[in-house]
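*Asks:* Compute the structure for the input listed below.
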Amino acid sequence: WDLVCGEYWKVPLQHICFMTGWILGYVLLGTLCDWVGRRRGFLLSVSLSGVLGVALCVSNSPTVFLLLRLAQGAALAGVTLASYISRLEVCDPPNRLMVTMIGGFFGVGAELLLPGIAILCRDWPILQAVATLPLILLLSYWCCESVFPESPRWLLSTSQLHRTKRAVLMFSYRNAVCLRDQLHPGQHMDSAYGDDCQPEFHTVLELRRTRVVWRNCLILSFTLFIGTGIQYCFTRNLHSFSTNFYFSYFLRVSTGALSCLFLCLTVNRFGRRGILLLTAIVTGLSSLLLLALTLSRHSCVCVCVCVDLHDGLLLVLSMVGLLSSQALAMLSVFFASEVMPTVIRGGCLGLVFASGCVGVAASSLMELQDKAGYFLHHVVFASFAVLSVLCIMLLPESKRKPLPDSMADGEQRRRPSLFLSHGRRDGLPLLCGRGRPSPSEYDAGSYSRLVAATRLMLSREGPAYKVAAPAPLATGEGPEEEEEEEEEEEDEEEVRDHESPATLRVETRS
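*Replies:* Residues are numbered from 1 along each chain as shown. This next block holds a predicted model:
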């Protein structure tokens with residue numbers, strides 16, 4: 001087809017249609033994964049994408065190609081989402097990041113191989129057939145449940161006890177942990193859920209009745225939208241150094257590999273929220289500095305040395321911004337998968353992924369308009385990057401914490417306090433010491449001291465607390481001296497009766 005000169009606009013239009021399909025697929029198939037499971041959603045998406053890929057190879061018009069491309073994008077979104085959630089839910093907290101980043105390295109490797117495969121194929125129908133072949137091979141997962149099993153976490157969260165027992169037995173057998181020797185394997189599930197437990201499924205529409213989960217989903221969708229949309233501002237500056245397509249392509253893929261490596265080395269050590277905040281700050285600063293350098297280029301005339309320095313700064317800031325924005329995008333997706341509840345993780349993560357595709361489609365929209373409005377695009381995304389710094393402060397920390405399963409678990413994922421609150425502590429012996437014991441810990445010494453202090457307080461409030469009046473002595477004292485002694489005793493009793501609680505606590509403590 002003629003896709004050059006006056007017909008070049010069809011290329012970004014195809015990309016916009018493709019991204020639109022991904023947006024629809026993330027939203028619809030993400031909800032489907034919460035209803036039918038991760039395995040069934042994955043296999044359904046693989047089947048649809050394989051059939052649509054074969055149809056794309058024989059499409060005979062640009063219109064048919066655009067429609068098939070949109071449908072295939074929706075199916076591929078389901079494949080990506082289901083596989084991402086499945087590998088996350090079968091990992092323990094210390095290994096979740098590494099398993100996710102390994103998947104990211106596989107994606108980077110595929111992007112590095114794609115130009116070489118395209119050169120070998122030389123024709124787009126052959127390239128489409130080569131890309132569709134692995135999807136057809138994945139259909140063998142229909143017969144091999146042990147290769148791509150259903151998530152036991154999702155089965156247990158939706159109260160599907162029979163399928164949960166089967167999945168746990170299969171995992172234990174493959175991990176060489178024998179549970180068949182037990183008399184009744186899985187009986188703790190029966191005692192916890194009961195015999196008449198029915199499966200319960202949830203949809204993403206239940207976000208309307210939440211507060212914390214909805215806020216976390218909205219913030220992480222916003223950060224992913226910024227991380228994908230602002231990359232166009234950095235890659236556009238690379239074209240001024242070289243018009244070769246492969247220069248900007250391989251530079252972008254290389255920064256993606258470096259961002260994966262950066263996340264592997266820092267996220268488990270400094271936390272998800274801290275690194276997300278750092279990448280947002282670096283992205284915003286790089287974008288603002290690039291904006292200032294772009295304005296200074298058009299406003300003043302510099303000598304040759306200043307021009308070289310100016311171009312060097314542009315290249316460095318573009319690479320740093322591209323690195324931080326890709327790290328921001330990847331960490332936003334990973335963070336969202338950890339704080340969303342299992343019962344609606346597919347739908348929520350689909351919304352987050354869809355917002356990222358909107359940012360990618362915005363870049364293609366700029367190409368469709370022949371780069372008109374680039375300055376406004378840059379200003380808007382730079383402002384959004386600065387605003388996201390404030391939003392990230394509202395997120396919780398999920399490092400080395402179990403995944404939330406129910407909606408109630410997701411509502412408990414609130415942000416940690418910025419400053420440790422050192423409130424006024426009570427003077428009771430139980431609360432003395434360096435730190436308060438946790439509610440689940442039992443301290444026999446503190447309990448015994450509390451009992452002794454309580455008995456002492458009760459004894460002081462009882463009859464033994466009052467001091468009896470001394471018997472009059474035959475000392476020959478006059479009636480006036482006896483009246484003065486009685487008044488002093490009454491004053492002492494009034495002082496004891498109105499003694500402040502703080503004084504009582506001090507006496508009890510002594």
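*Asks:* For residue 131, pull up the helix or strand it's in.
*Replies:* helix 124-137 (DSSP states H and E).
*Asks:* Give me the mean pLDDT for that helix.
*Replies:* The average pLDDT within helix 124-137 is 91.
*Asks:* so what secondary structure elements neighbour it?
*Replies:* helix 38-57, helix 96-121 (3 or more C-beta pairs under 8 Å, 6 or more residues apart in numbering; DSSP states H and E). No exception for glycine: its C-beta is placed from N, CA and C like everyone else's.
*Asks:* change it to 10 Å
*Replies:* Counting contacts by 3 or more C-beta pairs under 10 Å, 6 or more residues apart in numbering; DSSP states H and E, helix 124-137 packs against helix 38-57, helix 62-89, helix 96-121.
*Asks:* Just give me how far that helix sits from the chain centre.
*Replies:* With C-alpha atoms, centre = their mean, to the nearest Å as the basis, helix 124-137 stands 33 Å off its chain's centre.
*Asks:* Adding distance to residue 249, write the helices and strands packed on helix 124-137 out as JSON lines.
*Replies:* Conversion of the helices and strands packed on helix 124-137 to JSON lines gives the following (distance: least, C-beta to C-beta, whole Å):
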{"stretch": "helix 38-57", "distance to residue 249": "22"}
{"stretch": "helix 62-89", "distance to residue 249": "20"}
{"stretch": "helix 96-121", "distance to residue 249": "7"}
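*Asks:* mind checking which of these is nearest residue 295?
*Replies:* helix 96-121 (33.0 Å; C-beta to C-beta).
*Asks:* Just after the helix or strand hosting residue 362, pick out the following helix or strand.
*Replies:* In the assignment (DSSP H and E), residue 362 maps to helix 345-368. Once helix 345-368 ends, the next helix or strand along the chain (criterion: DSSP H and E) is helix 374-392.
*Asks:* Give me the packing partners of that next one, helices and strands only.
*Replies:* helix 212-229, helix 231-238, helix 272-299, helix 304-339, helix 345-368.
*Asks:* Residue 366: which of the helices and strands packed on helix 124-137 is closest?
*Replies:* Among the helices and strands packed on helix 124-137, if distance is taken as C-beta to C-beta, the winner is helix 62-89, at 19.3 Å.
*Asks:* Could you give me the buried positions within that closest one?
*Replies:* 65-89 (16 or more other C-beta atoms under 10 Å).
*Asks:* how near is residue 262 to residue 100?
*Replies:* Using C-beta to C-beta, to the nearest Å, residue 262 is found at 14 Å from residue 100.
*Asks:* Spit out the residues that contact these two alike.
*Replies:* Overlap of the contact sets of residue 262 and residue 100 (by C-beta atoms under 10 Å, 6 or more residues apart in numbering) consists of 330-331.
*Asks:* Enumerate the residue intervals of the stretch 251-400 of the chain where per-residue confidence is below the cut-off.
*Replies:* Residues of the stretch 251-400 of the chain meeting the criterion pLDDT under 70: 296-308, 370-372.
*Asks:* Closest to the centroid, which residue in the chain?
*Replies:* When C-alpha atoms, centre = their mean is applied to the chain, the residue found nearest the centroid is residue 335 (1.8 Å).
*Asks:* For that one, which residues are in contact?
*Replies:* Residues in contact with residue 335 (C-beta under 10 Å, 6+ apart) are 216, 219-220, 223-224, 267, 272-273, 275-276, 352, 392, 395-398.
*Asks:* Could you rank these by neighbour count and give me the top one?
*Replies:* Counting neighbours by other C-beta atoms under 10 Å, the top entry in the contacts of residue 335 is residue 223, with 32 neighbours.
*Asks:* show me the contacts for the residue lying closest to it once chain neighbours are set aside.
*Replies:* Distances taken as C-beta to C-beta, 6 or more residues apart in numbering place residue 332 nearest to residue 223, at 4.5 Å, with adjacent residues excluded. Applying C-beta under 10 Å, 6+ apart, we find residue 332 in contact with 219-228, 272, 276, 279-280, 352-353, 355-356, 388, 392.
*Asks:* how about a cut-off of 6 Å?
*Replies:* Residues near residue 332 by C-beta atoms under 6 Å, 6 or more residues apart in numbering: 220, 223-224.
*Asks:* swap in residue 349?
*Replies:* Residues near residue 349 by C-beta under 6 Å, 6+ apart: 336-337.
*Asks:* try it again with 8 Å
*Replies:* 30, 81, 84-85, 333, 336-337, 340 (C-beta atoms under 8 Å, 6 or more residues apart in numbering).
*Asks:* Would you quantify the distance from residue 262 to residue 83?
*Replies:* 23 Å.
*Asks:* Near the residue nearest to residue 219 when sequence neighbours are not counted, how many other residues are there?
*Replies:* In space, and not counting its chain neighbours, residue 219 is closest to residue 391: 4.7 Å by C-beta to C-beta, 6+ apart. As a burial measure, residue 391 scores 18 neighbours (other C-beta under 10 Å).
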